[in-house]
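Chemist: show me the folded form of this:
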Amino acid sequence: MDMRRLHHCILHQQLDDAEVATFIKDWLPKIVEHQARQEAIGQNRSIGRSDYEEIADKVRDVVFQKIDSIEPDKLRAWICQAACFITKNHLRKRRPLLYGTVEDGILNLVVQMDRSVLTGTQQDMLEEAIRLLPLQQRKAFMMKYIEGYSAKEIAEILQSNENQVNQWCFKARKNLNERLAQTFQRA
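Modeler: Presented below is the predicted three-dimensional model:
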């Protein structure tokens, strides 16, 4: 694949060029499949053909949108890095937003964490403290610190604004700190 020629063709919107067609139909899907498979293995997740196709489409769109800011000599590395980032985002967004059950009309959320970091008592106390947070604080806290969503993404999901999300997260951390400070100092 001649990356300089590909860069030139995309930049000048010569999209019917054979180099662009080869890029879209052959080269990009292979690169995305390799990068996405490596990322999925690293996260101990599975990924299927439709995921590869969706990621390849997103990578192609990003390359076409950002081509004027990409140096021709760095195009190959840029595409590989974009495939990794887009795959990470794709895998993260496939997870459920919140883990929980509804019992007697009450939403009970469960924190899915690596239990090896905390003692059993600490884990139980942390889960209880999070469960006792006001609902919006709990949702924002879990999405940001457990699921890894940005404040902007959370604002879109919760139909709010970034400032409100940041405020909920700040208050949640403050509440948790007040509830758990003594417990975690003793451990």
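Chemist: secondary structure element holding the spatially most central residue of the chain?
Modeler: Residue closest to the average C-alpha location in the chain (Cα atoms, centre = their mean): residue 89, at 3.4 Å. Taking DSSP states H and E as the criterion, residue 89 maps to helix 75-94.
Chemist: and that helix, what does it pack against?
Modeler: helix 3-11, helix 28-42, helix 49-66 (3 or more Cβ pairs under 8 Å, 6 or more residues apart in numbering; DSSP states H and E). Every C-beta, even on glycine, is put in place using the N, C-alpha and C of the backbone.
Chemist: of all these, which one comes closest to residue 141?
Modeler: Proximity to residue 141 (Cβ to Cβ) singles out helix 28-42 among these, at 26.0 Å.
Chemist: and the angle from that closest one to helix 75-94?
Modeler: 50 degrees (axes from the mean of the first three to the mean of the last three Cα atoms, to 10 degrees).
Chemist: what's the average pLDDT for helix 28-42?
Modeler: The average of the pLDDT scores along helix 28-42 is 87.
Chemist: in that helix, which residues are buried?
Modeler: Neighbour-count burial for helix 28-42, counted by 16 or more other Cβ atoms under 10 Å, picks out 28, 29, 31, 32, 33, 35, 36, 39, 40.
Chemist: how about those in JSON lines, adding distance to residue 155?
Modeler: Below are these laid out as JSON lines (distance: Cβ to Cβ, whole Å):
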{"residue": "28", "distance to residue 155": "32"}
{"residue": "29", "distance to residue 155": "34"}
{"residue": "31", "distance to residue 155": "33"}
{"residue": "32", "distance to residue 155": "29"}
{"residue": "33", "distance to residue 155": "33"}
{"residue": "35", "distance to residue 155": "29"}
{"residue": "36", "distance to residue 155": "28"}
{"residue": "39", "distance to residue 155": "26"}
{"residue": "40", "distance to residue 155": "28"}
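Chemist: ok, back up a step: distance of the residue nearest to the centre of the chain from residue 147?
Modeler: 12 Å (Cβ to Cβ, to the nearest Å).
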